[in-house]
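Undergrad: turn this into a model:
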Amino acid sequence: MSQAAFPKLLSSQIAFDIARTIREGFDKHYRLFRQTSQAAKQHFERGDWAVAQQAARERIGFYDKRVQECVQMLEDEYDSAELTDEVWRECKLHYIGMLAEHKRPELAETFFNSVCCNILHRSYFHNEFIFVRPVVSTEYIETEELAPTYRVYYPSNDGMHFMLKRIITNFQLNAKFANLDRDVDQVEARLNQVFGHAKLEPNAQVQVLSSLFFRNKGAYIVGKAINGNREFPFVVPILHNRAGQLVLDTVLLDLEQIVILFSFTRAYFLVDMEVPSAYVQFLRSLLPRKPRSEIYTILGLQKQGKTLFYRDYLQHLKHSSDLFETAPGIRGLVMLVFALPSFPYVFKVIKDFYPPPKETSRAQIKEKYLLVKNHDRVGRMADTLEYSNVAFPRARFAEELVAELQQFAPSLIEIEEEQIVIKHLYIERRMVPLNIWLTQAEQAGDEAAIEHGVLEYGNAIKDLVAANIFPGDMLYKNFGVTRHKRVVFYDYDEIEYITDCVFRHIPQPRNEEDEMASEPWYPVGRHDVFPEQFGKFLLGNTHIRKYFLKHHADLLTQAWWQAHKERIEANIIEDVFPYPQHIRFCNQTSAQTLAPVTPPLLETVENE
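TA: Below is the predicted model:
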């Protein structure tokens, strides 16, 4: 573009004003987002768990509220006739100029897209009008001098114990530690298992992110140790003990455990970040196989996660040739699920109609998925990405899948010459359905795998109960197995809060007719649950029954469910640990009793 043309192009005051309005809308959003993240520290110090959970839920809705505010302002201010194509083109150029010194340009670009996509027709969704590709670099963005992204500590200068204590105290938590020296000793002993007696190289250092990661009842210190050409990621959880004092609960050194801590099945962290991209870059150095989209999402920036995911998806689509097809497994009554075999996600479309005994609606199903989005997923419910008006290349769809979409969800499908547009869908990480996993284990004669699957299935239900979630449909087909062999729930159309359920005993039959009746002779309310009946549809397989009764017989009793409901109603928030119990310091007589920790090999650990 010539210099003479450039001033003429940027001549619209309306375009400039729209760009400024959108940028101010984003700045307001991130200011409120950051205030909530900063307040998490006070909630943790005081042990205000219910307040912390409520703040985390409310923060999820901040983005959409600010987008709608911005859209409303623009629609009120400007007549549609004023908003020509030339104005929108120039608006994007003005906006780019406003982000030159911005601390969060990638998030601001996504906010611009969200506002524009609420106003413009889908035909405008290309790089001339919105940020299909990022424009402003996030490399080497400067932070405030007194608030660097991470701090560096040198064990050769201070000694390991003093250095670790400095790391902890630099966070300036306004709460008393029960015995910080004891806890630091245990962390040091565990770290020595990794370092052993290795010589400290000249570059030996420990880098620790400057903000704590808050989630539920825990605060997490995230960092990495560097010695020579080796890097060792670590995470130190800080909890409250029963007396309300702080303790270092353990130190996570196994990379698989750290990956699971940042899993897509967990609630978003609250982290005070001046430059989010710098935090993402640091975390990627610890978790190199975790996509940037998932890292942004777990930091609570789920809209940025959606943007990056979609860009990754488009790149994958461009460089692959396989066909979308119906996902393997038992067909659901509510959702039509399809997948691209080479892509590790599934696409879920709500059907237009549901055969008996399903009694629901599209609006109710969407409410259930929103509930899961806003709830603590405790590592047992898959996060979902929700999209509208997604265009797929028609040539990449198997004919059988096109026929299914037209049969079961015609109101959501628009078929054009070269593309299929789906008006609303969810995208989830692909997992192996538990029923298929158990069948394969049985066919292979793998008793250990069967026991593990059943054990994990029951543990998943118990973790969900601790989070006040009743799965509703507990069939194995509604649970999946992740790469780390964790069982996760992913079918949400029948979930309820535990506190809304009525857990009942099955009444004794009054006579022989009652006993022989094909239908219950006693009244059954909409929210009534009879745990004694679970065995009828869960334990038909003798192998599964054996291990279920061994590990989870309590799930078949009304007393177990009722007791947990009463604890929730008493406002008791249960501890659900995102790491194994056996590595906790309180479960070890000595840190040295653990088996030696193998230094993590970053390139070999798969993503969850």
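Undergrad: the closest residue to residue 581 other than its chain neighbours: neighbour count?
TA: Leaving aside its sequence neighbours, residue 581 sits nearest to residue 587 (C-beta to C-beta, 6 or more residues apart in numbering; 6.0 Å). The way it works is simple: take the backbone N, C-alpha and C, and place the C-beta from them, glycine included. For residue 587, the number of neighbouring residues by other C-beta atoms under 10 Å comes to 12.
Undergrad: what does residue 539 give?
TA: Residues lying near residue 539 (other C-beta under 10 Å) number 16.
Undergrad: burial check on the nearest residue to it once chain neighbours are set aside, number of neighbours?
TA: Residue nearest to residue 539 in three dimensions, not counting chain neighbours: residue 545, with 4.0 Å by C-beta to C-beta, 6+ apart. Here the number of neighbours of residue 545 (other C-beta under 10 Å) works out to 14.
Undergrad: where along the stretch 201-350 of the chain do the strands fall?
TA: 205-209, 213-215, 218-227, 230-240, 246-248, 325-326, 335-339, 345-350 (DSSP state E, counting those that start in this stretch).
Undergrad: was I right about the residue nearest to residue 539 contacting residue 534?
TA: No: using C-beta atoms under 8 Å, residue 545 is not in contact with residue 534, being 11.5 Å away.
Undergrad: got the contact list for residue 530?
TA: By C-beta atoms under 8 Å, 6 or more residues apart in numbering, the residues touching residue 530 are 503, 504, 505, 506, 558.
Undergrad: secondary structure element holding residue 190?
TA: helix 180-195 (DSSP states H and E).
Undergrad: elements contacting that helix?
TA: helix 160-169, strand 218-227, strand 230-240, strand 246-248 (3 or more C-beta pairs under 8 Å, 6 or more residues apart in numbering; DSSP states H and E).
Undergrad: buried ones in that helix?
TA: The neighbour-count check on helix 180-195 (16 or more other C-beta atoms under 10 Å) flags 180, 183-191, 193-195 as buried.
Undergrad: again with stretch 253-264
TA: Residues of stretch 253-264 classed as buried under the neighbour-count rule (16+ other C-beta under 10 Å) are 253, 254, 255, 257, 258, 259, 260, 261, 262, 263, 264.
Undergrad: format those residues as CSV; extra columns: distance to residue 480.
TA: What follows is these, written out as CSV (distance: C-beta to C-beta, whole Å):
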residue, distance to residue 480
253, 28
254, 23
255, 22
257, 20
258, 22
259, 17
260, 15
261, 19
262, 19
263, 13
264, 12
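Undergrad: among those residues, name the ones in helices.
TA: In helices, defined here by DSSP state H, the members of the buried residues of stretch 253-264 are 255, 257, 258, 259, 260, 261.
Undergrad: possible to save those residues as a markdown table with pLDDT and distance to residue 360?
TA: Below are these laid out as a markdown table (pLDDT from 0 to 100; distance: C-beta to C-beta, whole Å):
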| residue | pLDDT | distance to residue 360 |
| --- | --- | --- |
| 255 | 93 | 41 |
| 257 | 95 | 38 |
| 258 | 96 | 38 |
| 259 | 95 | 35 |
| 260 | 94 | 32 |
| 261 | 95 | 34 |
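Undergrad: kindly indicate which of those residues lies nearest residue 341.
TA: Nearest to residue 341 among those is residue 259, at 23.7 Å by C-beta to C-beta.
Undergrad: what about residue 419, neighbour count?
TA: 15.
Undergrad: surely it meets residue 393?
TA: Yes: using C-beta under 8 Å, residue 419 is in contact with residue 393, at 5.9 Å.
Undergrad: among the contacts of residue 530, name the buried ones.
TA: With burial judged by 16+ other C-beta under 10 Å, the buried subset of those is 503, 504.
Undergrad: just the ones of the contacts of residue 530 in helices?
TA: Those of the contacts of residue 530 lying in helices (DSSP H): residue 558.
Undergrad: among the contacts of residue 530, which are in strands?
TA: residue 503 (DSSP state E).
Undergrad: Throw the contacts of residue 530 into JSON lines and include distance to residue 373 and pLDDT, thanks.
TA: What follows is those, written out as JSON lines (distance: C-beta to C-beta, whole Å; pLDDT from 0 to 100):
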{"residue": "503", "distance to residue 373": "26", "pLDDT": "97"}
{"residue": "504", "distance to residue 373": "31", "pLDDT": "94"}
{"residue": "505", "distance to residue 373": "35", "pLDDT": "92"}
{"residue": "506", "distance to residue 373": "35", "pLDDT": "87"}
{"residue": "558", "distance to residue 373": "31", "pLDDT": "96"}
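Undergrad: tell me the SS of residue 518?
TA: coil (DSSP: H, G, I helix; E, B strand; the rest coil).
Undergrad: please report how far the closest residue to residue 243 other than its chain neighbours lies from residue 336.
TA: Nearest non-adjacent residue to residue 243, counting by C-beta to C-beta, 6+ apart: residue 178, 7.0 Å away. For residue 178, the distance to residue 336 (C-beta to C-beta, to the nearest Å) stands at 53 Å.
Undergrad: just to revisit the earlier point, can you pick out the most distant pair from the contacts of residue 530?
TA: Comparing every pair within the contacts of residue 530 by C-beta to C-beta identifies 503 and 506 as the most remote, at 11.4 Å.
Undergrad: show the pLDDT at the one residue sitting closest to the centre of the chain.
TA: The chain has residue 264 as the residue nearest its centroid, 3.6 Å off, counting by C-alpha atoms, centre = their mean. We have a pLDDT of 91 for residue 264.
Undergrad: my guess is it contacts residue 296, does it?
TA: No: at 11.9 Å, residue 264 does not count as touching residue 296 under the criterion of C-beta under 8 Å.
Undergrad: rewinding a little: look at residue 178 and residue 336 and report which has more neighbours.
TA: Remark: of residue 178 and residue 336, residue 336 carries more neighbours, 22 against 15, as counted by other C-beta under 10 Å.
Undergrad: who are the packing partners of the longest helix belonging to the chain?
TA: Secondary structure of the chain per DSSP H: the longest helix is helix 13-46. Packing contacts for helix 13-46, counted by 3+ C-beta pairs under 8 Å, 6+ apart, involve helix 49-60, helix 62-77, helix 85-98, helix 105-119, strand 213-215.
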